[in-house]
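>>> A predicted structure for the sequence below; I have some questions about it.
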Amino acid sequence: MQAFRDYDANSTLIWLSVAVLFTMAFFNGFGVAVTKNASSAQRATIDTARTLLIWVFFLIVALDGKRENFYWLQLFGFIFLVAGTLVFNEIIIVPYFGFDKNTK
């Protein structure tokens, strides 16, 4: 019920909610198209690149006079995320610890 009261109090929320709905629909539609015409590995790589672009955007652009703080630990976590995605999708083949057991 609180959501409906918020919508009633601020009509901008309705338009923002509709915009988010369409953004998600387009994102998923393009994701299905990439998977259909390319592969799920390429879709996962593109999704990781999207995360990087959003992160860099908010590091550069100041919203309300505030910038996103940069932490080295986040960079290492992102590198770990990218490496895991690349290994899982067999873009990088690691010949140790059995990671190459099911590769082509």
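It's in. Numbers count the residues shown, from 1 in each chain.
>>> Show me what the helix or strand harbouring I14 is packed up against.
Following DSSP states H and E, one finds I14 within helix 12-37. Packing partners of helix 12-37 (3 or more C-beta pairs under 8 Å, 6 or more residues apart in numbering; DSSP states H and E): helix 2-9, helix 40-60. The C-beta positions use only the backbone N, C-alpha and C, and glycine is treated the same way.
>>> For that helix, give the mean pLDDT please.
When pLDDT is averaged along helix 12-37, the result is 89.
>>> buried set for that helix?
V34 (16 or more other C-beta atoms under 10 Å).
>>> Pull the distance from that helix to the chain's centre.
13 Å (C-alpha atoms, centre = their mean, to the nearest Å).
>>> That one versus helix 40-60: what angle between them?
Using axes from the mean of the first three to the mean of the last three C-alpha atoms, to 10 degrees, the inter-axis angle of helix 12-37 relative to helix 40-60 is 140 degrees.
>>> relative to helix 2-9, how tilted is helix 12-37?
120 degrees.
>>> Spell out which residues make up each domain of this structure.
Using automatic domain parsing, the domain ranges for the chain come out as 1-37, 39-104.
>>> Now the weakest link among the ones you listed, please, by mean pLDDT.
Minimum mean pLDDT among these: domain 39-104, a mean of 81.
>>> returning to that earlier point: okay if I get the helices and strands packed on helix 12-37 as TSV plus distance to T85?
Listed next are those as TSV, based on distance: least, C-beta to C-beta, whole Å:
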stretch	distance to T85
helix 2-9	34
helix 40-60	5
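>>> Adding distance to N28 and mean neighbour count, write these out as CSV.
Shown next, in CSV, are those (distance: least, C-beta to C-beta, whole Å; neighbours: other C-beta atoms under 10 Å):
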stretch, distance to N28, mean neighbour count
helix 2-9, 23, 9
helix 40-60, 11, 13
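>>> closest to G84 out of those?
The closest of the helices and strands packed on helix 12-37 to G84 is helix 40-60. By C-beta to C-beta, the value is 9.6 Å.
>>> Show residues contacting the helix or strand that that closest one is followed by.
Using DSSP H and E, the helix or strand that follows helix 40-60 towards the C-terminus is helix 72-88. Helix 72-88 is touched from outside by 44-45, 48, 51-52, 55, 92-94, 99, with contacts defined as C-beta atoms under 8 Å, 6 or more residues apart in numbering.
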